[in-house]
Every structure is written in structure tokens, then in C-alpha cells.
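>>> Fold the following for me, if possible:
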Amino acid sequence: MLSKDLKNSILTKRNEINARVLFIEDSKTVATMMTKQMEAMKMSVAHFFSAAEALKAFQTSSIEYDIIITDLLVDGRLSGMGLVREIRKIIPDRSKLPILVISGFDDVTRRIELLNMGANDYIVKPIVKEELAARLSNMVTTKQLFDQVKMQQEQLFQLAMTDQLTGLYNRHSLVQLLPKYFSHSVRHSSPLSLLVLDIDHFKHINDNYGHSKGDDVLRKFGQLITHNFRSEDLIARYGGEEFVVLMANSTQSDAIEKAELLRSHLERNRIEGLKVTISIGVACADSHSNFEHMFNQADTALYHAKESGRNQTITYPANAAMLQ
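Coordinates of the predicted model:
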């Protein structure tokens, strides 16, 4: 038997588990006892007498539970085992949502069956409070640590894929995202257009107003591009003051129209109190295109726009003859 001091020590160590629990138990006595213990451990408990009612609540509620605790044998058409099966159809990854099964029978075959079916752990009645606290703590802590690692991985992914100044995709992310645009274009024989945009005389802005002002201009320009193009368009800062927009299901005339709307808007307005203009090169995909091929064409058109006075849109291959 555990000494009173050891019991209190264990309970104290396990006393702070902020978690949301979906609890299924058809015995009012057991449910009351376990609910009180979990609430004392700072858990938020949603209790159901029926597995079917709990499953319905799980499917319709916006609550993201940290753990499911279910009795193996409960009244109604759906058993605890059936509930485990249904939950694992929805969330097969055990690390995302752990399930603890409770039973009055210490049956090894049944335990193995439940574990193979998707339960994370199994506990036998009568419930020992210290054992329940330990198992809940271990399962919830593991789940929450997994969630934290996943969140950190997503944050690192965003850092790797996103330009930190403008919030747009960066050059690296293009490598990851471009293939689906080209495969979609080929598979559906749909047009694909590329814009390469460059802020005119950007060095002049940095030299005369400082790099902080230049960063403000880049940031606001990134917001302006995002506002003027569709959510399905791939917008990225390619480097420095150069940006690219890959427009799915867009013909050359579509791309020119959008480019000119953006260019003329800048011509009429100011960014951060400064007069800012852009030059734009446009290219469209053909049956042999890849991004490098399209980018070289659009970049060639952009170079010609710069050389012939800036603040204009030049297309390729419509202007191919004079771009040679």
C-alpha cells in the first residue's frame, strides 16, 4: 500500500494538467468520482453517459480535445470499443488525440485488441486515483509536447518559406510551389502567365532616404501586390526590389491588364510619401515551358522596359523581335 505522504506527493505533482477531456462513463458514481478528480487536476471535462452522444458531440463541436476517456462497456448501441474505432477513423494518429479505455475486466486479449484498434492505454477498475493521475499526466503531456513540436515545425517552415520583410513567399518557396502550377497548366491545357516586377530607381530611395525607408517601401509594395492579385496567384519577392507573380489560368492579355492596373495605380499614387514607379516584364507558358524558361523571357522583357524609359509593361514574345 502507498503511504499517505507518497500518495499526496504524487497527487500534488500531477495536480496541474490544463487539458480538455471527452469522458464517457455510464455509471453515475464512477463518473462523479473521476470527474471530480480530473477537475481537481485543472482539467475541463465534458461527460457523456452514452458513447453515441459523445461521438456526435465530438463530430459537431468546435472544441479540440486533448484526451478521450471511455468505459469499455457503456449502455446504448455504440460500445466503448466501437467509439475507439470511430474516433480512429476520424483521427488515426494516436499522438494527436490519445484515448484511455477503462474496464472492469482485466482481459489480456481484450487489451491487445483495443491497443491494436487505436487505444493508447488501458486501465482496470476499481480506479486507483494515483494511477489514473499518472496515466492521464503522461498521455496529455506527451500529446501537448507533440502539439508544441508540430507548431514549432510549422513556424520554422513559415520562416523558411516566407520573406520576413514583406510577408510574401521567398525565392526558396518558389522551388517548392512552382511544380503544381506547371503540372496543372499541362494537365488542363490552361494558360499560365508570369510577371517580373522591379521598382524603378530603388537605389535612389535607399541612398537618399535611408534603408529603413526603403524597407517601408518594399513592405507597402508587397501589400499592394497582394491586394491587386488573386489569392490563387503565386506572389513572391524574388530578391532585392524584384518581385514575381505567377498567374494560373491567365492569358497574356489577362496578365498585361493586371500588370497595367498595378503600374498605373502606382503612377497616380505615392508609397510612404514617395513617388514610386515600376517596370514589368510579362511572359506566357507554352507546351515546353518551365519556370526558368519563362523567367528568362519575362526578365528579358523587364530589361527592355528598363532600357526604354522605365515605368512600363513589356511582353514576351509579343515584343520578341525588338528584344533581340
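>>> domain ranges for the protein?
According to automatic domain parsing, the chain comprises the domains 4-154, 171-323.
>>> right, so of the ones you listed, which gets closest to residue 161?
Closest to residue 161 of the domains of the chain is domain 171-323 (CB to CB; 4.0 Å). From N, CA and C alone the C-beta is placed, and that goes for glycine too.
>>> Packing partners of the longest helix that the chain contains?
When the chain is parsed with DSSP state H, its longest helix is helix 129-161. Using 3 or more CB pairs under 8 Å, 6 or more residues apart in numbering; DSSP states H and E as the contact test, the elements touching helix 129-161 are helix 4-13, strand 19-24, helix 28-40, strand 67-71, strand 99-103, strand 121-124, helix 171-188.
>>> Give the next helix or strand downstream of the fifth one.
The reference is to strand 99-103. The helix or strand immediately downstream of strand 99-103 is helix 108-117, counting by DSSP states H and E.
>>> looking at this protein, which helix or strand is least sure?
Lowest on mean pLDDT, DSSP states H and E among the helices and strands of the chain sits helix 320-323, with a mean of 43.
>>> ok, the most centrally placed residue in the chain - contacts?
Centroid-nearest residue in the chain: residue 154, 6.8 Å away (criterion: CA atoms, centre = their mean). Neighbour list for residue 154: empty [criterion: CB atoms under 8 Å, 6 or more residues apart in numbering].
>>> ok, now how distant is it from residue 91?
Distance of residue 154 to residue 91, computed by CB to CB, to the nearest Å: 18 Å.
>>> Same check on residue 158?
Residue 158 is 24 Å from residue 91, by CB to CB.
>>> So for these two, which sits in the more crowded spot?
A direct count of neighbours by other CB atoms under 10 Å for residue 158 and residue 91 places residue 91 higher, at 15 against 12.
>>> just to revisit the earlier point, and the angle from the longest helix of the chain to helix 171-188?
Taking axes from the mean of the first three to the mean of the last three CA atoms, to 10 degrees, one finds helix 129-161 and helix 171-188 inclined to each other by 80 degrees.
>>> Quick check: buried residues in helix 129-161?
For helix 129-161, burial by neighbour count (16 or more other CB atoms under 10 Å) applies to 130, 132-133, 135-137, 139-140, 143, 161.
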